[in-house]
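# after the sequence you'll find the predicted model.
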Amino acid sequence: MIHGLFLDLPKFIDYRKRIERHSTKRFPVLDMAGKTEIAIQHSLTRQGMSGSNAEGYARFHINSHGWPSIGYSYVLEPDGTIKFCNPVNWRTYHVGNSNNFSVGICLTGDFRYEEPTNEQKESLRLLVARLKKEYPQIKRVRSHDEYPDYYWKSCCEFDYEKVLEEKPKLPVKENIGSTYTVQEGDTFWSIAKGREFNVIDLEHANPKIDARSLQIGQTINIPRAEEEKATEEEKQSPAYHGNSIQKYLESIGEDDSYEARKKRAVELGIKEYKGTAEQNLQLLGIIRDGVTPPQNVTQIAVDGSWGPATTKRL
């Protein structure tokens, strides 16, 4: 499980593979139960400046501080984009001795001289609400300068409590009814994530809708009854968008190239991988659905997904 990956939130992007990382250093992985707070910060860089974004902060933290990568789990850009940079159970570096129990959220901007955009405020409300809903042990939200030893720091320089008192315009997702109205950033993957139906069920229930080009405000059918869901034959058909290993890897921010898939297939015990429809379905089942790999194969993905930790293990 990747803690803090909320692909169903509007403007949420999995940025883990896009930001720079140190060639050898890695953040420690902690027990999620120990994460009890959210730390809100600003970047102290003016909006619109070159390098004033998640990519720039990652480079700075690596090259100037010698850190493994960017010190925050999330960066909220001026247009409201939520860039997911590190799983929230990692001990990233952002509030010193409080890193063990705090989740770091950084808003791009220097709020001594400018204000967070309305888009940033809305994304902050949605993200904090979702974190608290997903992880009930998170009870407290503080700004950077409210942490011990950081009272001198001008951070985060805006009234975050007032911002969070307002209700999000878009509700935190709960159970949905027989129909659903597409919101900005929605995909079939994000709509189905964590529900009792999957992408193929959605495709089956919406045969005239192209899953690759959803429109904001579009109404789609939600498969509730078993007869509304895909058949076993459909679940094995490579014709369905939801059965594409490439589209799935792309949706979670992983490398979907043939060479990357071949490497993963070999490690997961799929012999002589050629990228056939049958092999791709088998690979998808292991990675997405938790199907047990072929016998006598050791699972080596150390954190639930292929990435730096697994590469280091190899």
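It's in.

# which residues touch the helix or strand where Ile191 lies?
According to DSSP states H and E, Ile191 maps onto helix 188-192. For helix 188-192, the surrounding residues in contact (CB atoms under 8 Å, 6 or more residues apart in numbering) are 7-8, 12, 180, 198-199, 201-203, 211, 214, 220, 241-242, 247-248, 251. For glycine as for every other residue, the C-beta is placed from the backbone atoms N, C-alpha and C.

# now the stretch 101-250 of the chain, which segments are flagged as low pLDDT?
Along the stretch 101-250 of the chain, segments meeting pLDDT under 70 span 151-152, 170-177, 193-196, 224-228, 232-243.

# that one: strands as residue ranges?
Secondary structure of the stretch 101-250 of the chain (DSSP state E, counting those that start in this stretch): strands at 102-107, 140-143, 179-181, 219-221.

# nearest to Gln282, of these?
Closest of these to Gln282 is strand 219-221, at 28.9 Å (criterion: CB to CB).

# now do the buried residues in the closest one.
220-221 (16 or more other CB atoms under 10 Å).

# between the top helix by length along the chain and strand 102-107, how many degrees?
Determined from DSSP state H, the single longest helix within the chain is helix 118-134. Calculated by axes from the mean of the first three to the mean of the last three CA atoms, to 10 degrees, helix 118-134 forms an angle of 160 degrees with strand 102-107.

# quick one: residues in contact with helix 118-134.
By CB under 8 Å, 6+ apart, helix 118-134 touches 4, 6, 9-11, 38, 40, 74, 76-82, 88, 103, 105, 107-109, 116, 138-139, 141, 160, 163-164, 166-170, 172.

# same check on stretch 19-30?
Residues outside stretch 19-30 that contact it (CB under 8 Å, 6+ apart): 54-55, 58-59, 62, 66-70, 83, 85-87, 89-93, 100, 303, 308-309, 312.

# and it, end to end?
End-to-end distance of stretch 19-30 (CA to CA, to the nearest Å): 21 Å.

# avg pLDDT for that stretch?
For stretch 19-30, the mean pLDDT works out to 94.

# tell me which residues of that stretch are tucked away?
Applying 16+ other CB under 10 Å to stretch 19-30 flags 19-22, 27, 30 as buried.

# just to revisit the earlier point, now, the contacts of stretch 19-30 that are in strands?
Lys83 (DSSP state E).

# which of the contacts of stretch 19-30 are buried? Put it as a ChimeraX command.
Entered in ChimeraX, the line below selects the buried ones among the contacts of stretch 19-30, by 16+ other CB under 10 Å:
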select :54,55,58,62,67,68,69,70,83,85,86,87,89,90,91,92,93,303,308,309
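
# alpha carbons only: can I get the longest helix of the chain in PDB?
What follows is helix 118-134, C-alpha atoms only, in PDB (Å, rounded to 0.1, in the frame of the first residue of the first chain):
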ATOM      1  CA  ASN A 118      -7.900  30.200  -4.000                       C
ATOM      2  CA  GLU A 119      -6.900  27.100  -5.900                       C
ATOM      3  CA  GLN A 120      -4.200  26.300  -3.300                       C
ATOM      4  CA  LYS A 121      -6.600  26.900  -0.400                       C
ATOM      5  CA  GLU A 122      -9.200  24.600  -1.900                       C
ATOM      6  CA  SER A 123      -6.600  21.800  -2.500                       C
ATOM      7  CA  LEU A 124      -5.300  22.300   1.000                       C
ATOM      8  CA  ARG A 125      -8.800  21.800   2.500                       C
ATOM      9  CA  LEU A 126      -9.400  18.700   0.400                       C
ATOM     10  CA  LEU A 127      -6.100  17.200   1.100                       C
ATOM     11  CA  VAL A 128      -6.100  17.800   4.900                       C
ATOM     12  CA  ALA A 129      -9.700  16.400   5.100                       C
ATOM     13  CA  ARG A 130      -8.700  13.300   3.100                       C
ATOM     14  CA  LEU A 131      -5.700  12.700   5.300                       C
ATOM     15  CA  LYS A 132      -7.700  12.900   8.500                       C
ATOM     16  CA  LYS A 133     -10.400  10.700   7.000                       C
ATOM     17  CA  GLU A 134      -8.000   8.100   5.800                       C
END
